[in-house]
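*Asks:* Sequence below, structure please.
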Amino acid sequence: MSVQPLEFVYGINAVGEMIKHNAKAIDAVYIVDARDDKRIRQIVEMAERAKLRLKKSSKDEIESLLATSSEQSVNHQGVIAECRPSQAKDEDFLEALLNRAEQPLSLLILDGVTDPHNLGACLRSADAAGVDAVVVPKDNAVGLTPVVRKVASGAAETTPLVVVKNLARGIKKIQEAGVWVMGAAGEAEQTVFDIDFTGHVAIVMGAEGSGLRRLTRERCDSLFRIPMTGAVESLNVSVAAGICVFEVLRQRNDS
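*Replies:* Below you'll find the predicted structure:
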């Protein structure tokens, strides 16, 4: 049986949220011995309460550990957590979520987002806007990596990332559960502000540059665009996703 490589979560916010929400997955927390400020002391206190192993290390030692997992030249802020490799949720989780939904569901579906910084930012916006889960395809998309966790600033521990084998089939299953699936497309006639998001809803965002794939677009119940008045023609996918999920939140709060 092959041994899985170590995974390191790094950065004060990411490690703090990991301890708070998933301490059982942490093997040890490493702290740079040269740092002794309020934020670092908070991490130390959290780790001690969770009865985690704490190790004081030099900056060079921590960066050497990160290099073993191909995470080099990152802003670790003097703290890393050595963890068992993270696992995304599977289709059984999605089915259970669809079956037990009592309040209107809010899902964010990402069609082939490959940049870990974009996925991390999408998770962060999804968490802030109360999205129930982020759904991504298994192939041609980034999963839960240490970079994703760092950029998400803890949202990777609180917002489920669901990986489906086939996105088109996954969308169909979501629709069969009574969720209205709406995709973002620049050529759509109606805007994001014209859509009623107060019921069960899933917003689909396309990949960086290429947008929604043809089959994904055809699966959507409706398409919308984000109105643009400036010189730029498109937005980064994480920015666009943030606009959309907060429009859902605004409408639900108003209603």
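*Asks:* Where does pLDDT dip in the chain?
*Replies:* Within the chain, the set of residues satisfying pLDDT under 70 comprises 1-6, 68-74, 85-86.
*Asks:* Do I have it right that residue 123 meets residue 152?
*Replies:* Yes - with the criterion set as Cβ atoms under 8 Å, residue 123 and residue 152 qualify as a contacting pair; they are 4.2 Å apart. All C-beta spots, glycine's among them, are computed from the backbone N, C-alpha and C.
*Asks:* now the helices for the stretch 151-255 of the chain?
*Replies:* Counting by DSSP state H, counting those that start in this stretch, the stretch 151-255 of the chain forms helices over residues 155-158, 167-176, 214-219, 237-254, given from the N-terminal end onward.
*Asks:* Rebuild those as CSV, extending it with mean neighbour count and distance to residue 81.
*Replies:* Supplementary listing: the helices of the stretch 151-255 of the chain in CSV, determined by neighbours: other Cβ atoms under 10 Å; distance: least, Cβ to Cβ, whole Å:
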stretch, mean neighbour count, distance to residue 81
helix 155-158, 23, 11
helix 167-176, 18, 31
helix 214-219, 15, 35
helix 237-254, 18, 24
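*Asks:* For residue 184, which of these is the nearest?
*Replies:* Nearest to residue 184, of all the helices of the stretch 151-255 of the chain, is helix 237-254, at 6.2 Å by Cβ to Cβ.
*Asks:* Which strands or helices does that closest one pack on?
*Replies:* When contacts are defined as 3 or more Cβ pairs under 8 Å, 6 or more residues apart in numbering; DSSP states H and E, helix 237-254 packs onto strand 106-111, helix 116-128, strand 201-206.
*Asks:* out of those, which comes closest to residue 61?
*Replies:* Where the helices and strands packed on helix 237-254 are weighed against each other on Cβ to Cβ, the nearest is helix 116-128, at 24.9 Å.
*Asks:* Can you point out the buried residues in the closest one?
*Replies:* 116, 117, 118, 119, 120, 121, 122, 123, 124, 125, 126, 127 (16 or more other Cβ atoms under 10 Å).
*Asks:* likewise stretch 94-114?
*Replies:* Burial within stretch 94-114, assessed by neighbour count using 16+ other Cβ under 10 Å, is assigned to 94, 97-98, 101, 105-113.
*Asks:* Please apply the same query to stretch 144-164.
*Replies:* Neighbour counts over stretch 144-164 (16+ other Cβ under 10 Å) mark 144-157, 159-164 as buried.
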